[in-house]
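1. 3D model of this:
(4 chains)
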2 protein chains.
Amino acid sequence: MSLATAFGSAEESPGLLLWQVTNRWQAAQRAALRPFGLTHVQFVLLASLTYLQASDSPVTQRRLADHAATDPMMTSQVLRALESRGLLTRHPHPGDARARALAVTPEGRDVANRAVGAVESCDAAFFSALGPETPAFTAALRTLRNGCAASSG
Amino acid sequence: MSLATAFGSAEESPGLLLWQVTNRWQAAQRAALRPFGLTHVQFVLLASLTYLQASDSPVTQRRLADHAATDPMMTSQVLRALESRGLLTRHPHPGDARARALAVTPEGRDVANRAVGAVESCDAAFFSALGPETPAFTAALRTLRNGCAASSG
DNA sequence: CGCCTTTAGTATGCGCGCATACTATCGGGC
DNA sequence: GCCCGATAGTATGCGCGCATACTAAAGGCG
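-> The predicted model follows:
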């Protein structure tokens, strides 16, 4: 029976393993980011915004969501939460009344920089079990991500 | 700045890639399971229960949750939803008044068997981009899963 | 100008994933 | 028998991830 081989022991399906590993990784991220009062998505958006803000044009929510590969709906909600905490501002966009120009506050930049260290340590510990296979694993993930993007768009 | 290298382009962090790939995989699973009226977790629990039921002792929610590596709280909620759809039963456990003895109904077994085909096709298409690297990728995932289990318990 | 299509952002709702806390029962010790 | 820690299962609540649908504004076109 295919049930037993594919989903009985949960050892044969790469998808199930992917799901379980990601759940564990998110739990580790949660623990690492708890001291900063940030969730995983809040951190990703804050760090991505800090990076994108180095460019010239104002950063809109749409651009940030595209860059971080997050849902626009959730991005909106998370950004409002970050704004209420004073970590970023959402001023009106100078050239587009629909859009909002995002900007990290000094406090937000400080929190992001400190959180990066914790997240990097967390990530390094999590993937340390792979050892020298880590680059190959990362390359495989990148392949899957690009393959998904190709099939869905 | 570490922000740029680690989280700016979202290309260097295996954790971020893992998260994004899993989101895409779950979206594919959702689409594949939609014709059966099942979510991903509902399918995993139903298929795992179908497998576990081949053993002698009654299957409790605890045993199913441990086997599928799902949260007991969510397991309880999902199982009640599956029971209300007539895909499984939750009789009292004969030897333990606290526990419940889970049993797949014939309809549930039929749905599970048909859904397995769709999920396997979905999984095969999703990981086809890896080609011959798939076993190495699966082995890496298994290593990470075992590493997490060791560090968390 | 008015009309139409596209886009930025948001309201609402559902299910996942988990933290916290609680009830009810089991099992061991006295 | 009784007490007590451990266990099975559940209630409640928060944030993620996304589907659907909506408002408001931009941009093309006559």
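
2. Wondering if the strand ranked longest in chain A reaches DNA strand D at all.
-> When chain A is parsed with DSSP state E, its longest strand is strand A:96-104. Yes - counting by Cβ under 7 Å from any atom of the strand, contacts between strand A:96-104 and DNA strand D involve A:96-98. For every residue, glycine as well, the C-beta is placed using N, CA and C.

3. separation between the residue nearest the centre of chain A and B:Trp19?
-> Closest to where the C-alpha atoms of chain A average out (Cα atoms, centre = their mean) is A:Val44, at 4.0 Å. According to Cβ to Cβ, to the nearest Å, A:Val44 stands 8 Å off from B:Trp19.

4. Roughly how far does A:Asp110 sit from DNA strand C?
-> Distance, A:Asp110 to DNA strand C, by Cβ to the nearest atom of the strand, to the nearest Å: 24 Å.

5. just A:Ser76 next, same as before
-> Counting by Cβ to the nearest atom of the strand, the gap from A:Ser76 to DNA strand C is 3 Å.

6. Contacts only, for the nearest residue to that residue once chain neighbours are set aside.
-> In space, and not counting its chain neighbours, A:Ser76 is closest to A:Gln61: 6.2 Å by Cβ to Cβ, 6 or more residues apart in numbering or on different chains. Residues near A:Gln61 by Cβ atoms under 8 Å, 6 or more residues apart in numbering or on different chains: A:72, A:75-76, A:79, A:90, A:99-100, A:102.

7. got the phi/psi numbers for the nearest residue to A:Pro14 once chain neighbours are set aside?
-> Spatial nearest neighbour of A:Pro14, excluding adjacent residues (Cβ to Cβ, 6+ apart): B:Thr138 at 4.6 Å. Main-chain torsions, B:Thr138, degrees, to the nearest 10: phi -60, psi -40.

8. burial count for B:Thr138?
-> 20 (other Cβ atoms under 10 Å in any protein chain shown).

9. And it, how far from A:His40?
-> 25 Å.

10. ok, now A:Thr105?
-> 21 Å.

11. Kindly report the same for A:Gln61.
-> In terms of Cβ to Cβ, A:Gln61 sits 18 Å off from A:His40.

12. what does A:Val104 give?
-> For A:Val104, the distance to A:His40 - Cβ to Cβ - is 18 Å.

13. Could you check which of those two has the larger neighbour count?
-> Between A:Val104 and A:His40, counted using other Cβ under 10 Å, the more crowded position is A:Val104 (22 against 19).

14. Any idea what that one is bridged to?
-> Residues in a beta bridge with A:Val104, per DSSP bridges, are A:Leu88.

15. wait, isn't it in contact with A:Leu88?
-> Yes - A:Val104 is in contact with A:Leu88 according to Cβ atoms under 8 Å; the separation is 5.0 Å.

16. Which stretches in chain A count as strands?
-> Under DSSP E, chain A gives strands at A:88-93, A:96-104.

17. Thanks again, I'm all set now.
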